[in-house]
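Visitor: How does the following fold in three dimensions:
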Amino acid sequence: MDELNRQFRPVYKVSFVTMGACAVCWAIFPDVRSIPAGLLLGIAASLLNFWYLGLKVSQFADGLLNKKARRTSLGFLTRASVAVLVVGLAMKTPHLNWIAALAGLFFTQLATLLLGVLSYFHKTKQG
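Guide: Numbering: from 1, shown residues only. Below is the predicted model of the structure:
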């Protein structure tokens, strides 16, 4: 599963850089602080869900390799609950933009897609 962790590292890096940019925007632009704060919360939750899904996939693969008869789920209910909790918190808190929080929840999926496309074009360009 080291291959899976190696492929996740760029997504983690992009996510943390984007979260840092949101924190800087939150500090520089006080008039629209709710938008970067909502994005920051959404990206953090998206990163948590991304990590949790990777953990569950790793456990599932280990179970297949070790031929365990144990049934393993991918934790959809947990990840959906985190998303509902984030949007609910953003809707109840006036300092958080719930639309930005909702948009931030899709960040790691979008980052994974874009990094995969860039990696594909980089590999085809080299050889």
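
Visitor: give me the element Gly20 is part of.
Guide: helix 2-28 (DSSP states H and E).

Visitor: So what's the gap between that helix and the chain middle?
Guide: Computed by C-alpha atoms, centre = their mean, to the nearest Å, the chain-centroid distance of helix 2-28 equals 9 Å.

Visitor: pLDDT (mean, whole number) over that helix?
Guide: Mean pLDDT, helix 2-28: 91.

Visitor: buried sites along it?
Guide: Of the residues in helix 2-28, those scored as buried under the neighbour-count criterion (16 or more other C-beta atoms under 10 Å) are Val11, Val14, Ser15, Thr18, Met19, Cys22, Cys25, Trp26. Every residue, glycine included, has its C-beta placed from N, CA and C.

Visitor: ok, the fifth one - contacts?
Guide: Met19 makes contact with Leu40, Ile43, Ala44 under the criterion C-beta atoms under 8 Å, 6 or more residues apart in numbering.

Visitor: Run through who's touching stretch 71-78.
Guide: With C-beta under 8 Å, 6+ apart, stretch 71-78 has contacts from Tyr52, Leu53, Lys56, Val57, Gln59, Phe60, Gly63.

Visitor: Buried among the residues you listed? Need that as a selection in ChimeraX.
Guide: Selecting just the buried residues from these in ChimeraX takes one command, with 16+ other C-beta under 10 Å as the test:
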select :53,56,59
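
Visitor: Mark which of the contacts of stretch 71-78 are part of helices, please.
Guide: Among these, the ones falling in helices (DSSP state H) are Tyr52, Leu53, Lys56, Val57, Gln59, Phe60, Gly63.

Visitor: what would those residues look like in a markdown table with pLDDT and distance to Leu77?
Guide: A markdown table is the format used below for the ones in helices among the contacts of stretch 71-78 (pLDDT from 0 to 100; distance: C-beta to C-beta, whole Å):
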| residue | pLDDT | distance to Leu77 |
| --- | --- | --- |
| Tyr52 | 93 | 11 |
| Leu53 | 91 | 12 |
| Lys56 | 88 | 11 |
| Val57 | 86 | 16 |
| Gln59 | 85 | 16 |
| Phe60 | 84 | 16 |
| Gly63 | 82 | 19 |
